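Participant: I would like the atomic coordinates for the input below:
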Amino acid sequence: MRRLRILTWPVHGSYFNTLATIDHDWYLPVKPGSPPGYGGRGRAPFPPTIRDVDASLVQELDLDLVLFQSADNLERDAAALLSPAQRRLPRVYLEHNTPLPHAVETRHPFQDPHGLLVHVTAYNRLMWDNGVTPTCLVEHSVAIDPSARYRGTRAEGITVINSMPRRGRRVGLDLFLAAREQLPLALAGFENEGLDGLGDIPYPQLHQRMADYRFLFSPCRYTSLPLAVVEALTIGMPVVALATTELPAVIENGVHGYCANDLPTLVAAMRRLIADPDHARQLGQNARALAQRRFGLERFAEDWNRAFLRAVELAA
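Facilitator: Down below sits the predicted model:
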């Protein structure tokens, strides 16, 4: 695939860390004060292929493709930043999330027969009403410290979710709190004030910290496949999670961890992992093998390059 010059607005930091490993030239618009989508490179150790550009100068760029990642990008930013010619370029909308407000009745805002809508899970693609827009699937991968490996020496679990008080039942705040009353569970993530957590652990150090805990607990009721789950699998950590959205197609009970929709069943599984580190270690080995097979960086890059090629063809 030829090298592309791509404009995008990052809305999911850890996802863009992975996307940035794909060898194209990426342009990130920036504005004073770094409003959402306009923070640019920030302090991340990105390669020189990731470039900041003042938002007022975007129309001067010679671009090949525009990658939208939010409805605001589509409905507000494109009109404000892009020239008429740039708005006719090959265009991709990366949908990170499950449909809201309704799981099966929500039409996707990107309606364009000459664009491409990329979903990150098969569940998301199934549940969104995609309308006239062609779709494809690019499952997650993660670009994390390759030396991070599961140790599981702490006889407790960890949950890694941001903004739990604000997101509430959708990410399983009530389930996390109920489980934490019955067994030791740590919480990492930003905007979790009042929940007695570990706070916002910098991404480059997060997975080494996670690796000490016995398992990851994901209480999310209705989100896309959480990147924390993929990160845990990648370092070889067993996962305990609700059997919702894409997770039943990822976690096999008693193989990579445990997956159920009954909290007492999940609490029993977590207690077993706390009591039996050898069992947890075996599940973690299986989890890492799954991650290497299904969520590897090479596969991720190949899928994205196929998506970009298709978007170019659709816009021709």
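Participant: Would you map the strands across the stretch 151-300 of the chain?
Facilitator: 154-160, 185-188, 213-218, 239-242, 257-260 (DSSP state E, counting those that start in this stretch).
Participant: and the last one, what does it pack onto?
Facilitator: Think strand 257-260. If contacts are counted by 3 or more C-beta pairs under 8 Å, 6 or more residues apart in numbering; DSSP states H and E, strand 257-260 sits against strand 239-242, helix 263-275. To be clear about C-beta, it is placed using only N, CA and C from the backbone, and glycine gets the same treatment.
Participant: Pull the residues that contact it.
Facilitator: 215-216, 238-243, 247-248, 251-253, 265-266, 269-270, 283, 287 (C-beta atoms under 8 Å, 6 or more residues apart in numbering).
Participant: One more pass at 7 Å, please.
Facilitator: Taking C-beta atoms under 7 Å, 6 or more residues apart in numbering as the criterion, the residues outside strand 257-260 that touch it are 215, 238-241, 243, 247-248, 251, 253, 266, 269, 283, 287.
Participant: cool, and the third one?
Facilitator: With contacts defined as C-beta under 7 Å, 6+ apart, strand 213-218 is touched by 152, 154-160, 179, 185-186, 226, 228-229, 232, 237-242, 257, 270, 273-274, 277, 280.
Participant: hmm, back to that, can you put the helices and strands packed on strand 257-260 in TSV and add distance to residue 1, mean pLDDT and mean neighbour count?
Facilitator: Output for those, formatted as TSV (distance: least, C-beta to C-beta, whole Å; pLDDT from 0 to 100; neighbours: other C-beta atoms under 10 Å):
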stretch	distance to residue 1	mean pLDDT	mean neighbour count
strand 239-242	33	98	26
helix 263-275	43	98	17
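Participant: closest to residue 140 out of the ones you listed?
Facilitator: For residue 140, the closest of the helices and strands packed on strand 257-260 is strand 239-242, at 13.6 Å, according to C-beta to C-beta.
Participant: Only the buried subset of the contacts of strand 213-218, as a ChimeraX command please.
Facilitator: With 16 or more other C-beta atoms under 10 Å as the criterion, this ChimeraX line picks the buried residues out of the contacts of strand 213-218:
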select :152,156,157,158,159,160,179,185,186,226,228,229,232,237,238,239,240,241,242,257,270,273,274,280
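Participant: and residue 220, which of the helices and strands packed on strand 257-260 is closest to it?
Facilitator: Nearest of those (C-beta to C-beta): strand 239-242, 6.4 Å.
Participant: Tell me the strands beside that closest one, with direction?
Facilitator: strand 213-218 (parallel), strand 257-260 (parallel) (DSSP bridges).
Participant: Comparing those strands, which stretch has the densest surroundings?
Facilitator: strand 213-218 (a mean of 28; mean count of other C-beta atoms under 10 Å).
Participant: just the angle between that strand and helix 263-275, please?
Facilitator: 160 degrees (axes from the mean of the first three to the mean of the last three C-alpha atoms, to 10 degrees).
Participant: could you give the angle of strand 213-218 to strand 154-160?
Facilitator: Using the same axes, to 10 degrees: strand 213-218 against strand 154-160 is 30 degrees.
Participant: Following element in sequence after the helix or strand hosting residue 94, please.
Facilitator: Residue 94 is located in strand 91-95, with elements delineated by DSSP states H and E. The helix or strand immediately downstream of strand 91-95 is strand 116-119, counting by DSSP H and E.
Participant: Which strands or helices does that following strand pack on?
Facilitator: Judged by 3 or more C-beta pairs under 7 Å, 6 or more residues apart in numbering; DSSP states H and E, strand 116-119 is in contact with strand 91-95, strand 135-137, helix 297-315.
Participant: Just give the strands next to it in its sheet, each with its orientation.
Facilitator: strand 91-95 (parallel), strand 135-137 (parallel).
Participant: Packing partners of whatever helix or strand comes next after that strand?
Facilitator: Sequence-wise, the next helix or strand downstream of strand 116-119 (DSSP H and E) is helix 122-127. Counting contacts by 3+ C-beta pairs under 7 Å, 6+ apart, helix 122-127 packs against strand 135-137.
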